[in-house]
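Chemist: Let's see this in three dimensions:
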Amino acid sequence: MKREICFMLSLKLLTPNSQVRWEGLAERVVSVADEENDAWGVETLPGFDDADQVRSQWSALPTSKPPQLIVLHASKSADKTGLNLRDIRSLYPLVPVIIATKSNRADLDDIMALPADDFHDFDSGHAMLHQRMRRCMAREVQPSRNLTAALKLAEDEADVWRTLFHNAGAGMLTGRSHQFLRAKAKILAANNTKSSEELVPLIRQCLHAIQWELNNEKAYTLLQLQHPVVLSSEFVDRIVPLDAKTTAAEFNELGMVKDSILGEFSIEANGTSTHLSIEFNTPSNLTDVILVTLQDITERVTFEQRLREHVDLLEARVIERTHAISIVNNKLEEESQQRKRLAEQVRKNLVHITGGVISAKRILDVALPGKAEMASIFPNSILVERPRDIMGGDFLFTAEKNQRRTLALIDSTGHGIPGAMVSLMGSTLINRAFVALPQPDPSSILQHFHRDFGERMKVNPGHLHMYGFDAGIITIDDKAGVLEFAGARGDLFLVRNGETQIFRGTRGSIEIQEHSMRHAGEVAFAQHIVPFEPGDQFYMATDGVRDQFGGELNRKLGRKRLADILADKSALQRNEREKAIQQTLLIWKGANAKVDDATLVGIEI
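Modeler: From the prediction side, this is the model:
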């Protein structure tokens, strides 16, 4: 493997007056000095300040082929030399490296322990160095097995961090911090007495000094970038710190007192303004790196602005009233007392309303069957209920007649207090239907319920009624060994031997429409007769369960997933099964808002 260019990193073996015969290598040698005042004495050798400058200007060299040899001058500590060697190895893993140092240094053992290909003592002379260079350049270097494994591990780790970087929920930028830290130390430290307006361009000047490298998609959107930041830093000219003095003070401490700072900025794009919370981080364990994290806080800032405007408006009104009171002094006490009475009345009204809702909830719990009533007729039963508000529109009905047990789960239109009021009416109607039928079965109960509901709603025929019910009813005939089911947009789930079967109810609801007003008695609800076996589990659920959004893709739960959950938990004991189903449904919901009252009821034969 032949390479045409030899790097000389920080090589200070030659003085300005020294002359060395390189035998045709001079035009292939690059000098890199790690100190600003260090000079290379051979005019034919191109010079650079550091390895980063060599890498950034590589395309400007006479050839773009990789180097054949790297000579590293250990002018600093063993730790610093080790870091430089690590960076060189990462860039050119197949290129041999010679470390040049002095033999009388205190940390020579640490230097000699570094994984270089050869070492050179300054006192050995130029001829020895030239010989070592020729010998190393003649070798064919192969990567060691450990180096290959390390490179593969580094590549895998880089892939992980690249994925995290691009999929982060926040905008992220990376860049080189060296020039930024130097610029902000010179620019901001000397201008700490300037006004906020004068500090803004200085802060932008500091940000322009960052050598930007990477940005993820979130940053592309938040900053309204036209090009990646590595190509253009024009976005800096659109950034305005909300508190320029605080930001300048924080910048002064970054990299010295603090490793990270947080500030708030606005950025203009396409005539709109976006507010961002930006964190600048210069990790102490990394060299010449700055990480920038962006979060959109436009909603928060807008809310705070509106709140301030509202407060200002209130303050203006207070000043106006105070001025009026100062003119009409005799009304001061009266208005003060009036405000106190108004505040007390508002407090009392709030307490009264809250107390009323709590009392209504207690009355509703007494008026409608609950878990205890269901357990008295169906001992092996479970109930999972989660109303959207304090009160809800889902309710149960349980009864027993002619040695047949009946259980109904009914979902009233609406939720909260309106839903609770509709559920009270529905409870009355289904009780009336059950009592009126000599041999009640689910289909007959629903038909009677629907007919009575229609008659009740005819009281105000000219008024649009938005009330209705979805329902599922089962009747168990233990003597016959069968379960009867009928539903109005309600489903029945049978879990047997770890598998779930779904019985769909009639697709229509119990509701008032012109058609149902004329033909209320003609509505038929299909009835399913299901022979049961010991251990069978039957479940009914309102649409608030299956319509709940959640999961990784934020989709509705649906019948299929609910059926899988019921089958998965069927082997657990009743109490454990109830808790497991409830926990699974809560995990599915996650942080999403409840879409409706959600109730699930189940019995085991």
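
Chemist: Show me the contact partners of the helix or strand residue 444 falls within.
Modeler: For residue 444, the host element (DSSP states H and E) is helix 442-457. Contact with helix 442-457 is made by 406, 408, 425-426, 429-430, 432-434, 436-437, 465, 467, 469, 471, 473-475, 484-488, 510, 512, 516-517, 520-521, 523-527, as judged by C-beta atoms under 8 Å, 6 or more residues apart in numbering. Every residue, glycine included, has its C-beta placed from N, CA and C.

Chemist: How far does that helix sit from its chain's centre?
Modeler: 48 Å (C-alpha atoms, centre = their mean, to the nearest Å).

Chemist: need the next SSE after it, C-terminal direction.
Modeler: Next element after helix 442-457 (DSSP H and E): strand 468-477.

Chemist: Can you list the buried residues in the helix or strand following that following strand?
Modeler: Downstream of strand 468-477, the first helix or strand assigned by DSSP H and E is strand 482-488. For strand 482-488, the neighbour count (16 or more other C-beta atoms under 10 Å) marks 483, 484, 485, 486, 487, 488 as buried.

Chemist: can you check stretch 390-399 too?
Modeler: The neighbour-count check on stretch 390-399 (16+ other C-beta under 10 Å) flags 391, 392, 393, 394, 395, 396, 397, 398, 399 as buried.

Chemist: Just say helix, strand or coil for the second one.
Modeler: Same thing as residue 392. Look at residue 392: counting by DSSP: H, G, I helix; E, B strand; the rest coil, its state is coil.

Chemist: which other helices and strands contact the one helix or strand residue 374 maps to?
Modeler: Secondary structure assignment for residue 374, by DSSP H and E: helix 371-377. Counting contacts by 3 or more C-beta pairs under 8 Å, 6 or more residues apart in numbering; DSSP states H and E, helix 371-377 packs against strand 381-386, strand 394-401, strand 404-412.

Chemist: for the ones you listed, which one sits closest to residue 289?
Modeler: Closest approach to residue 289 among those is made by strand 381-386 (48.3 Å; C-beta to C-beta).

Chemist: measure the closest residue to residue 172 other than its chain neighbours to residue 299 for me?
Modeler: Closest residue to residue 172 apart from its sequence neighbours, by C-beta to C-beta, 6 or more residues apart in numbering: residue 216 at 4.9 Å. Separation of residue 216 from residue 299 (C-beta to C-beta, to the nearest Å): 21 Å.

Chemist: Between the two, tell me which one has more neighbours.
Modeler: Shown here are residue 216 and residue 299; by other C-beta atoms under 10 Å, residue 216 has more neighbours (20 against 9).

Chemist: picking up where we left off before, residue 163 is in contact with the residue nearest to residue 172, correct?
Modeler: No. Residue 216 lies out of contact with residue 163 (C-beta atoms under 8 Å); the separation is 10.5 Å.

Chemist: and the residue lying closest to residue 472 once chain neighbours are set aside, what is it in contact with?
Modeler: Here the nearest residue to residue 472 in space, its sequence neighbours aside, is residue 490; by C-beta to C-beta, 6+ apart that works out to 2.9 Å. Counting by C-beta under 8 Å, 6+ apart, residue 490 makes contact with 409, 411, 470, 471, 472, 473, 505, 540, 542.

Chemist: Report the contact partners of the last one.
Modeler: Listed by C-beta under 8 Å, 6+ apart, the contact partners of residue 542 are 394, 409, 411, 470, 490, 596, 597, 598, 599, 600.

Chemist: could the residues you listed go into TSV alongside pLDDT?
Modeler: Shown next, in TSV, are those (pLDDT from 0 to 100):
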residue	pLDDT
394	89
409	95
411	92
470	93
490	92
596	87
597	89
598	92
599	94
600	95
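
Chemist: Tell me the one among those nearest to residue 221.
Modeler: Nearest member of those to residue 221, counting by C-beta to C-beta, is residue 596, at 33.4 Å.

Chemist: Name the nearest residue to that closest one, ignoring sequence neighbours.
Modeler: residue 544 (3.5 Å).

Chemist: what do you get for residue 296?
Modeler: The shortest distance from residue 296 to any non-neighbouring residue, by C-beta to C-beta, 6+ apart, is to residue 222 (5.9 Å).

Chemist: That neighbour - how many residues pack around it?
Modeler: 22.

Chemist: out of the helices and strands packed on helix 371-377, deepest packed?
Modeler: Of all the helices and strands packed on helix 371-377, strand 404-412 carries the top mean neighbour count, a mean of 25, counting by mean count of other C-beta atoms under 10 Å.

Chemist: Just list the residues touching residue 478, thanks.
Modeler: 403, 405.

Chemist: quick one: which helix or strand includes residue 218?
Modeler: Counting by DSSP H and E, residue 218 is found in helix 217-222.

Chemist: Now do the buried residues in whichever helix or strand comes after that helix.
Modeler: Downstream of helix 217-222, the next assigned helix or strand under DSSP H and E is strand 239-241. Across strand 239-241, burial judged by 16+ other C-beta under 10 Å covers 239, 241.
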